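**Q** take this sequence and fold it.
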Amino acid sequence: MEHKDYRLSAIMYTDIVGFSRMMEKDEAGTLSLLHFHNGIVQEAAARRHGTVIKTLGDALLVDFRNTSDALQCALAINNTLYDPHQPPG
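**A** As a prediction, this is how the structure comes out:
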């Protein structure tokens, strides 16, 4: 029987609600928001040992080595979105 190594991980998926509608109303402003969102997610993920696996338009797929890091990252993103003067982490 072949030996296989398995690794537990946690996956986080982010998405901007109403993105398509926002693009229709204000493309430049929405693209600026997308850049802001992606920066927050990428910085918070890096601080929690996450790896961005894929970017899908307004969504990001991030891999973490455990659920604790994923949860801490999600909380940091949420806190930063509600207080943009607070650095992610």
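**Q** let me see the mean pLDDT of the helix or strand Glu43 falls within.
**A** For Glu43, the host element (DSSP states H and E) is helix 27-47. Helix 27-47 comes out with an average pLDDT of 94.
**Q** packing partners of that helix?
**A** Counting contacts by 3 or more Cβ pairs under 8 Å, 6 or more residues apart in numbering; DSSP states H and E, helix 27-47 packs against strand 10-15, helix 19-25, strand 51-56, strand 59-64, helix 67-82. All C-beta spots, glycine's among them, are computed from the backbone N, C-alpha and C.
**Q** Asp69: what's it in contact with?
**A** For Asp69, the contacting residues are Ala10, Arg48, His49, Gly50, by Cβ atoms under 8 Å, 6 or more residues apart in numbering.
**Q** what count of nearby residues applies to the last one?
**A** The tally of other residues near Gly50 (other Cβ atoms under 10 Å) stands at 24.
**Q** please report phi then psi for it.
**A** The phi/psi pair for Gly50 (degrees, to the nearest 10) reads phi -90, psi 160.
**Q** of the contacts of Asp69, buried ones?
**A** Ala10, Arg48, Gly50 (16 or more other Cβ atoms under 10 Å).
**Q** the residue nearest to the first one when sequence neighbours are not counted and Leu31, how far apart?
**A** I take that to be Ala10. For Ala10, ignoring the flanking residues on the chain, the nearest one in space by Cβ to Cβ, 6 or more residues apart in numbering is Ala70 at 3.8 Å. Here the criterion is Cβ to Cβ, to the nearest Å. By it, Ala70 lies 27 Å from Leu31.
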